[in-house]
Every structure is written in C-alpha cells, then in structure tokens.
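In: Need coordinates for the below:
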Amino acid sequence: MQCHKRQGGPAKHYFIWQQSMPLPGLIYADSLAEPSCAMLSRTLTLCSADHLHVAGMAMHAGAVVLSNGDARNAANHTNNSNGSSIRQYATAAGADADLTALSTAMGYSQSLWDINILSFDVTPTIGGMIVFSYVFGSEEYEEFSPSATVNSTKYNDIFGFFIKAGGSNTSVNIAKLPNSTDAVGIGSVNPRANAYYLSNVRTRTQSPVYAYNTEYDGLTKLLTTVPYNVVAGTVYRLKLVISDGLTLVDSAVWIQAGSLAFKVDCVASWIPWSACSAACGGGLQVSTYVITTLASGAGMPCDTVVNGTVANRTCNTQACPVNCVGSWITTVACNATCGGGSSLQRFTVTTPAAHGGAACAFANGTTNNTACNTHACPVNCTGAWSSWGACSTSCGNGTQTSTFSVTSPAVGAGSCEATHGEIRSRACVTGSCPPSPSPAPTPPSTSPSRPPLLQAHPKAQPCESCSITCAGG
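Out: Purely as a prediction, here's the structure:
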C-alpha cells in the first residue's frame with residue numbers, strides 16, 4: 001500500500017507505507033508516545049486522540065492526520081496562526097479533478113492550494129458497506145469562514161474521501177454531511193451554517209485558553225461517512241484529499257483509528273403471518289423471526305429478538321354465520337284417502353339466520369296446500385263363469401268344468417272373484433250303466449243249509465235324467 005505525496009510538495013513528504021504497519025483506520029494510540037503525534041511526513045502524522053475526545057473521538061483511539069499544512073499543528077496549540085500557515089507548497093487549481101469538482105459544486109470557483117492526497121488500494125474479502133469516522137478542523141475558522149461577524153467567504157478549505165472500483169473511471173465522495181449531499185469544508189460547516197461545528201476560540205482569561213489541543217480555531221464534531229457497498233474480491237482505490245482555499249492558513253482531517261471497517265447490517269425479519277386457523281369465531285396466526293445476516297463491523301446490530309422466536313396473534317374473531325333452519329309441518333290432514341285430495345302445510349323456522357348466514361327459502365308461517373293421496377281408489381274387476389261343459393262320462397258318474405273370463409280388471413286394491421282363465425269343476429251322472437254279467441252258480445253244499453237272514457240286492461245307482469219330459473220315458 002502506498003501513501004502518495006502532497007501534489008507539488010518536496011520529495012521528503014513522500015511516504016511508503018510498510019506492509020508490517022497497520023492499515024489506515026486500524027492504527028491504535030498504544031503504539032504512539034501519548035499525547036503526541038508520530039510524524040510520518042510534515043503533512044501526515046499518526047496522533048493520539050486525547051486532544052480531540054471532547055469533539056467525539058474516543059479517548060486513546062488514535063488517528064491518522066492529513067493536513068494541507070504542517071500536520072503537527074493538529075495536535076499542538078501555539079495560539080499563533082502563523083504556525084498553521086504554509087505557503088511554499090501551493091499548487092494550482094485542477095491538481096485533483098475530483099476535489100475541484102466538489103468545490104465547484106458547492107459554489108466556489110477559487111483555486112485549490114496545498115492539495116494533499118493519501119491514496120491506497122484495498123481488496124475486501126467479504127462484501128458489505130464500509131464506513132469511517134473523522135473530524136475536520138481548520139485555522140480558517142473564524143476569520144475566513146462564515147461566522148457571527150462574517151456572512152460568507154469566497155475561500156473554501158475542503159476535504160473529500162473518494163472510492164473508485166477497479167476498472168471504473170468514476171470516483172464517489174463518501175465524506176458528506178449527514179442527511180445532505182454537501183461535502184465537508186469551511187463553507188458547509190461553520191458557526192453560521194451547521195450544528196456540527198465546534199469552536200476552539202476562547203479568551204486569554206479562560207483556562208485553558210483553548211477547548212481542544214489543536215492550533216485550529218474550529219473543527220467539526222465526529223462525523224461518519226456515507227456507507228459504501230463493496231463487493232468481495234474487487235479492488236478499490238481509496239483516496240483522501242484535503243486542500244486549502246486560501247494559502248495563508250491551513251486545515252486538517254483526523255481519521256479515527258479503527259473506524260475504517262466493513263459495515264454489514266443485520267438482516268432479519270418476521271416471516272409473513274400464516275393463514276388463520278379458523279375462518280370465524282377466533283383463530284390463530286403464527287410468525288417466526290428469522291435472522292438471515294448477522295451484523296459485523298460497524299453494521300447495525302440485530303434486534304433483541306432471538307432468532308427463531310415465534311409470535312402468535314388472534315384472527316378472524318368475528319362470529320361465524322348461522323344458516324336458517326326450517327321445515328314444512330302438516331297442520332290439516334288429507335281430505336281424501338284415495339283419488340287425490342289436499343292437505344295444509346305451514347313452514348316453521350326453528351333456527352333463524354344470524355351473522356350473515358343464509359336465510360330460509362320461506363318466511364316463518366308461510367302456508368301451502370299440497371296434493372295428497374293421489375293414488376287411484378280400488379275398483380273390483382268384472383267377469384263371468386262360462387256354462388258347464390259336457391259330463392266327462394257317458395254313463396255313471398263324471399265331471400263338468402266352467403272357465404272364468406275377466407272383462408274389466410281390478411283397479412288399485414280392488415278384488416276379483418277369480419283370475420282370468422281360472423277353471424272350476426263339478427260332478428255329473430249321465431245314466432245307469434248296463435248290469436254286469438251274472439256269476440256262475442254255486443255248487444251245493446254238503447252241509448245242512450240255512451236260509452240267509454237278508455236277501456242281497458244290487459246297490460242302488462243314481463237315476464239319469466229322463467229321456468223325455470212326458471208320456472213316459
């Protein structure tokens with residue numbers, strides 16, 4: 001890493017930063033002889049921050065001091081403005097295009113003198129935001145800056161901290177006032193313009209005669225640069241530049257040791273609430289706090305909420321809708337048992353609709369006449385038996401038959417005497433059959449005979465119908 005000499009300065013102000021030394025912003029006052037400064041060149045020193053801790057820089061924090069004059073005046077108070085004026089190292093305007101552009105943007109057109117540049121490259125191994133803390137001071141305060149007695153100034157000692165990614169032609173200034181686009185200089189921070197100004201002017205009767213152990217009559221409170229996002233593995237050129245708007249008196253910037261660091265903010269959030277466990281009547285939703293990136297460096301820490309914390313909340317607490325329930329009830333029975341009648345029904349609501357529930361199809365008490373017993377009434381069938389047929393024998397006993405014919409079938413529960421085609425029968429006699437032949441005579445018995453008690457007669461047979469109705473048949 002190389003610290004470049006002040007533009008136009010003599011060769012003795014050129015300083016090579018040894019690799020064994022800490023990087024700017026990581027230098028601690030313990031390595032210095034407190035409360036003095038270690039002079040690296042006339043315009044670049046490493047200082048204890050004891051004399052500036054009231055301004056916001058931590059006690060014993062240490063600092064890199066970059067000046068457009070003699071940097072030793074940043075840590076000593078001689079009460080002599082000549083001690084903080086260097087004129088022989090003046091440089092013409094345009095010696096640093098980035099700083100000139102800043103001054104022009106603030107409305108100053110004067111030449112920039114005594115430009116001093118500290119430039120080095122860094123290659124971050126992680127991505128994130130980088131920041132650093134610093135204090136700007138100047139002997140221009142309060143005679144040559146806006147103050148209680150001076151409305152404005154045409155001179156502007158100005159400081160810039162530029163970052164440029166490798167391969168890019170654009171430098172970005174991150175040394176800006178909080179919540180502003182203004183660069184830091186006596187034109188933007190002064191007794192009239194800004195609350196970040198601290199006066200170092202005291203009367204000789206006060207003890208001590210200065211508030212801060214520096215020759216400069218005014219300085220800023222501890223400021224922090226605008227966070228700048230860097231990508232791991234990319235080379236970045238960091239350039240700190242300070243200049244003098246008036247060659248008579250000088251300024252300096254204290255870069256707080258240890259403040260140049262990555263700023264990785266904690267990234268955490270509550271995951272979206274889950275769906276409600278119930279559509280109505282009170283349900284539950286769940287959300288979990290998840291930390292995806294832990295803070296590092298100067299980043300904003302996570303909330304006090306523990307990763308994985310689960311939160312609950314009630315939901316859908318409105319009452320559930322109740323649908324109407326009702327039915328038809330018969331109040332007058334059917335007036336006919338068959339053939340179609342009517343009955344009276346009334347709609348009765350047993351559960352009214354509530355909380356947006358569906359209404360019943362009919363209002364409570366609605367009546368309706370309904371057809372009933374529409375089935376046909378019973379009708380008996382009609383039919384007749386046929387005449388008796390001939391007797392089944394030509395003599396003696398026989399049978400006769402007759403068949404039932406249905407001419408009109410039964411209806412409903414009607415009955416019928418017999419089924420269609422049903423046959424019935426009865427006995428019949430057609431006349432006496434001829435007598436059977438006489439048996440052979442019985443041979444006489446040798447035993448005495450006795451006359452029978454009864455004379456045998458043939459069995460009587462039913463008479464047949466007479467062959468004629470008169471005159472003897």
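In: CA atoms for contacts and neighbours, from now on please.
Out: Will do.
In: in the protein, which ranges drop under the pLDDT threshold?
Out: Within the chain, the segments meeting pLDDT under 70 span 1-62, 72-95, 147-154, 202-210, 258, 261, 297-298, 438-473.
In: What segments of it are helices?
Out: 97-105 (DSSP state H).
In: domains of it?
Out: Domain assignment for the chain by automatic domain parsing gives 2-264, 267-315, 325-372, 382-429.
In: can the ones you listed go into a markdown table with extra columns for mean neighbour count?
Out: A markdown table is the format used below for the domains of the chain (neighbours: other C-alpha atoms under 10 Å):
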| stretch | mean neighbour count |
| --- | --- |
| domain 2-264 | 20 |
| domain 267-315 | 14 |
| domain 325-372 | 15 |
| domain 382-429 | 15 |
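In: Reformat those into JSON lines and put distance to S436 next to each item.
Out: Shown next, in JSON lines, are the domains of the chain (distance: least, C-alpha to C-alpha, whole Å):
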{"stretch": "domain 2-264", "distance to S436": "144"}
{"stretch": "domain 267-315", "distance to S436": "109"}
{"stretch": "domain 325-372", "distance to S436": "68"}
{"stretch": "domain 382-429", "distance to S436": "14"}
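In: between those, which one is nearest to P435?
Out: In terms of C-alpha to C-alpha, the element of the domains of the chain nearest to P435 is domain 382-429, at 11.9 Å.
In: Can you give me the distance of T288 to C276?
Out: Taking C-alpha to C-alpha, to the nearest Å as the criterion, T288 is separated from C276 by 15 Å.
In: And for S171?
Out: 52 Å.
In: Could you pull up the residues touching T225?
Out: V131, F132, S133, I174, A175, K176 (C-alpha atoms under 8 Å, 6 or more residues apart in numbering).
In: T337: which of those is nearest?
Out: Closest to T337, out of all of the contacts of T225 and judged by C-alpha to C-alpha, is V131, at 101.1 Å.
In: That closest one and A257 touch, don't they?
Out: No. Contact criterion C-alpha atoms under 8 Å: V131 and A257 do not qualify, at 12.0 Å.
In: Straight-line length of stretch 377-391, end to end?
Out: Span of stretch 377-391 from end to end, C-alpha to C-alpha: 42 Å.
In: got a list of contacts for that stretch?
Out: By C-alpha under 8 Å, 6+ apart, stretch 377-391 touches 337-339, 398-417, 427-430.
In: Which of those residues fall in strands?
Out: 398-408, 427-429 (DSSP state E).
In: In those, find the pair that's most separated.
Out: Longest span within the ones in strands among the contacts of stretch 377-391, C-alpha to C-alpha: S408 and V429, 35.2 Å.
In: Name all residues that make contact with C395.
Out: Residues near C395 by C-alpha under 8 Å, 6+ apart: V429, T430, G431, S432, C433.
In: what's the nearest residue to the last one if we skip its chain neighbours?
Out: The one in question is C433. Nearest non-adjacent residue to C433, counting by C-alpha to C-alpha, 6 or more residues apart in numbering: C395, 5.5 Å away.
In: what separates V184 from G356, distance-wise?
Out: Look at V184 and G356: by C-alpha to C-alpha, they are 66 Å apart.
In: T104 versus T292, what's the distance?
Out: Applying C-alpha to C-alpha, the value for T292 to T104 is 43 Å.
In: who's in contact with the residue nearest to Y155 when sequence neighbours are not counted?
Out: Excluding its sequence neighbours, the residue lying closest to Y155 (C-alpha to C-alpha, 6+ apart) is G245, at 4.8 Å. Going by C-alpha under 8 Å, 6+ apart, G245 touches Q110, S111, L112, W113, Y155, N156, D157, I158.
In: same thing but at 6 Å, please
Out: Residues near G245 by C-alpha atoms under 6 Å, 6 or more residues apart in numbering: L112, Y155, N156, D157.
In: try A353
Out: So A353 contacts V322, N323, C324, A359 (C-alpha under 6 Å, 6+ apart).
In: Make sure the last one is actually in contact with C324.
Out: This points to A359. Yes. Between A359 and C324 there is a contact at 5.1 Å, judged by C-alpha atoms under 6 Å.
In: contacts for stretch 424-442?
Out: Stretch 424-442 is contacted from outside by C391, S394, C395, G396, N397, G398, T399, Q400, T401, S402, C463, E464, using C-alpha under 6 Å, 6+ apart.
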